[in-house]
Each structure stands twice: as C-alpha cells, then as structure tokens.
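> would you be able to build a 3D model of this:
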Amino acid sequence: MVALFPRNDALNVHPPAGNQYLTTNGSNWLFTVTTIFGVSLLVLYGLKFKARAGERFFHYLFILANFVGMIAYFAMASDLAWDPVRQSNELDRSGPIRQIFWAKYVFWVVEFPVLIIALGVLSGVAWATILYNVALSWIWIISYLVAAYTTSNYKWGFFAFGFLAHIFLLISTMHHGRGSAGRVGAGRDYTMLAGWVNLVWLLFPIAWGLSDGGNYIGVTPSLIWFGVMDLALLTVTSFAVVFLSRRWDYGALNIAFTQYGRVHAPGGHYPEKHAPAATAPAAGTV
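Sure thing, here's the model as predicted:
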C-alpha cells in the first residue's frame with residue numbers, strides 16, 4: 001500500500017527555506033486544491049460537449065482558468081515557484097525570512113481576467129469596458145506582487161495602489177455592469193454572480209495584509225486561506241456560470257457563433273439559415 005499511496009515527500013525533494021515556510025500539512029492541502037481544480041477542469045470539459053453548438057464561450061473561459069489553477073497549486077504544493085523575502089522595515093533589518101509563493105500571483109493574472117470577461121460579456125458592456133476592468137485587475141495583482149517583494153514599509157504604498165485599482169474594479173462591475181445587464185435581460189443572474197465575486201474579492205486585501213504583507217500569519221495558514229478563496233472564487237463561479245448560461249440568450253449577449261463566425265444581430269440571426277443552397281456551375285463556366 002505504501003508503494004501505491006506514498007507519503008507526501010515534496011518538502012524532502014524541494015526543501016523550504018527561511019523562518020516562515022510551507023509545512024507538510026500545508027503541502028497536503030495544496031495538493032487537495034490541485035485535485036479539486038483538476039476534477040473541475042475535467043467536468044467542465046465534459047460539459048462542453050453537452051452545450052449547444054456555438055454556446056461554449058463560458059466553458060472555454062473556465063476550462064482555461066481551472067487548468068492554470070491546477071498547475072499553479074501543483075507548483076506550490078511541490079514547494080516550487082517561491083522566493084525567500086526578508087520581512088523587515090526601516091527600523092529593523094533583521095526580520096524573519098518568509099517564503100513568498102509567486103505562483104499564486106501568476107494564477108490571479110489569469111483567474112481574475114477570466115471572471116471579469118465572463119461578467120462583462122454577460123452584462124453586455126462594451127469591450128473597451130471589459131479591457132479596462134482587466135487592466136485594473138492586473139494593476140491590482142502586480143501592485144500586490146511588488147509589495148510582497150518589498151522589504152520595507154514602502155510595501156504599503158504599493159498595497160494602496162492595488163487597493164485603489166480594486167475599488168475602481170468593484171465600482172465598475174457592480175454599478176456599470178449591473179445597469180447594462182438589465183438591458184439584456186440578465187440583471188438578476190449578473191447581480192448574483194458579480195455580488196459573489198466581489199464579496200470573495202473583498203477578502204483578498206485582508207488575507208494579503210495578514211500574510212505576505214504584514215507577516216502576521218504563517219505561510220501554511222495563509223495558503224490554506226488563499227486556497228479556500230480561490231476555490232470559492234473560481235470553482236463555484238465556474239459551475240454557476242456554466243449552468244446558468246443554459247437559459248441565457250446568446251444572441252442578445254452578442255456571443256452567438258455559427259459556421260460563419262460571431263453573430264452580431266441582437267436577435268441571433270444565423271446566416272447559414274438564409275443563404276441560398278450551393279449549386280453546381282453551368283457547363284462552360286469557370
């Protein structure tokens with residue numbers, strides 16, 4: 001049985017470093033999150049085949065996000081994709097060294113935009129608004145990443161920049177997006193989904209401030225917290241969107257696809273249904 005189910009030896013193969021580091025229990029939890037993302041990926045991939053032709057837009061988005069989540073959490077569970085960063089300030093340069101796992105920030109660079117694109121398409125806002133929201137999420141994430149690697153109290157300046165981008169994103173998704181969603185008949189579903197996403201997002205500044213920012217909680221507790229939030233944010237939203245999308249009007253959302261490409265007409269006009277049947281060329285013609 002030991003050969004079939006070996007103990008987790010990731011920390012023996014890839015030893016941690018510093019004073020604040022990942023433990024075996026933390027690695028076990030991260031492998032659990034990896035498995036959940038993997039199962040979600042396979043289920044979503046299977047559901048893609050049950051979706052009607054041309055209505056797999058949301059399936060594709062969340063398949064990719066769960067795929068990246070599985071890879072990122074596998075890397076962290078294996079005690080990879082991290083750097084040792086000293087936790088100090090202007091008065092004390094001898095603070096503890098903490099493992100900073102940059103893999104989770106890479107995951108957020110994919111996860112957050114996928115959620116934003118899904119909400120933006122559902123709400124019917126302009127693509128310029130969606131790109132604006134995606135850029136805000138990148139400013140938020142990159143500011144937190146830079147702050148995590150800053151060894152002085154100047155890190156809180158970068159945190160403030162990221163938090164400001166977060167607030168702009170919240171206003172855009174909850175105010176502008178909700179108003180637009182009502183015009184395409186998806187107001188209730190959008191409000192529920194955007195409300196859930198923004199509720200979970202509000203936990204990220206708290207979790208970051210207590211972990212990579214303030215070093216108040218250890219590496220393992222913080223990664224357990226981030227794992228729960230990522231599962232709540234991506235996995236729950238993935239299946240909610242995929243199942244709710246069965247009743248959405250893809251023509252009204254302007255994301256219906258046919259053999260001719262994307263359907264732009266609000267009524268979901270399918271060109272192939274009205275195109276004349278192909279006929280053989282007359283004799284003597286080219």
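> which residues of the stretch 151-286 of the chain fall in strands?
257-258, 261-262 (DSSP state E, counting those that start in this stretch).
> centroid-nearest residue for this protein?
Centroid-nearest residue in the chain: E111, 1.5 Å away (criterion: C-alpha atoms, centre = their mean).
> for this structure, what helix or strand is lowest in average pLDDT?
strand 261-262 (a mean of 42; mean pLDDT, DSSP states H and E).
> and the pLDDT for A181?
On pLDDT, A181 comes in at 78.
> excluding chain neighbours, give the residue nearest to it in space.
Distances taken as C-beta to C-beta, 6 or more residues apart in numbering put Y190 closest to A181, at 3.5 Å, once the chain neighbours are dropped. Every C-beta, even on glycine, is put in place using the N, C-alpha and C of the backbone.
> repeat for A77
Here the residue nearest A77, using C-beta to C-beta, 6+ apart, is L30, at 3.4 Å.
> how about W29?
In space, W29 is closest to I224, 5.4 Å off (C-beta to C-beta, 6+ apart).
> does the one you found touch N28 like I think?
No: under the criterion of C-beta atoms under 8 Å, I224 makes no contact with N28, lying 10.3 Å away.
> quickly list what's touching both of those two.
The contact sets of I224 and N28 do not overlap (C-beta atoms under 8 Å, 6 or more residues apart in numbering).
> higher neighbour count, these two?
I224 (18 against 14; other C-beta atoms under 10 Å).
> for that one, give its distance to L193.
Between I224 and L193 the computed distance is 25 Å (C-beta to C-beta, to the nearest Å).
> V146 too?
Here the criterion is C-beta to C-beta. By it, V146 lies 30 Å from L193.
> who has more neighbours, those two?
Neighbour comparison, V146 and L193: the larger count goes to L193, with 24 against 17 (by other C-beta under 10 Å).
> for M174, see how far away the more buried one is.
In terms of C-beta to C-beta, L193 sits 11 Å off from M174.
> before we move on, the earlier item: residues in contact with the residue nearest to A77?
Taking C-beta under 8 Å, 6+ apart, one finds 22, 73-74, 76-77, 223, 227 in contact with L30.
> next helix or strand past the helix or strand containing it?
Secondary structure from DSSP states H and E places L30 in helix 24-50. Scanning forward in sequence from helix 24-50 by DSSP H and E, the next helix or strand is helix 57-77.
> now that next one: how far from the chain's centre is it?
8 Å (C-alpha atoms, centre = their mean, to the nearest Å).
> pLDDT of that helix, averaged?
Helix 57-77 carries an average pLDDT of 96.
> which other helices and strands contact the next helix or strand after that helix?
Next helix or strand after helix 57-77 toward the C-terminus (DSSP H and E): strand 82-86. Applying 3 or more C-beta pairs under 8 Å, 6 or more residues apart in numbering; DSSP states H and E, we find strand 82-86 packed against strand 97-101, helix 127-149.
> can you check which of these gets nearest to L169?
helix 127-149 (4.4 Å; C-beta to C-beta).
> what angle sits between that closest one and strand 82-86?
60 degrees (axes from the mean of the first three to the mean of the last three C-alpha atoms, to 10 degrees).
> show me what helix 127-149 is packed against.
Looks like helix 127-149 contacts strand 82-86, helix 103-123, helix 155-171 (3+ C-beta pairs under 8 Å, 6+ apart).
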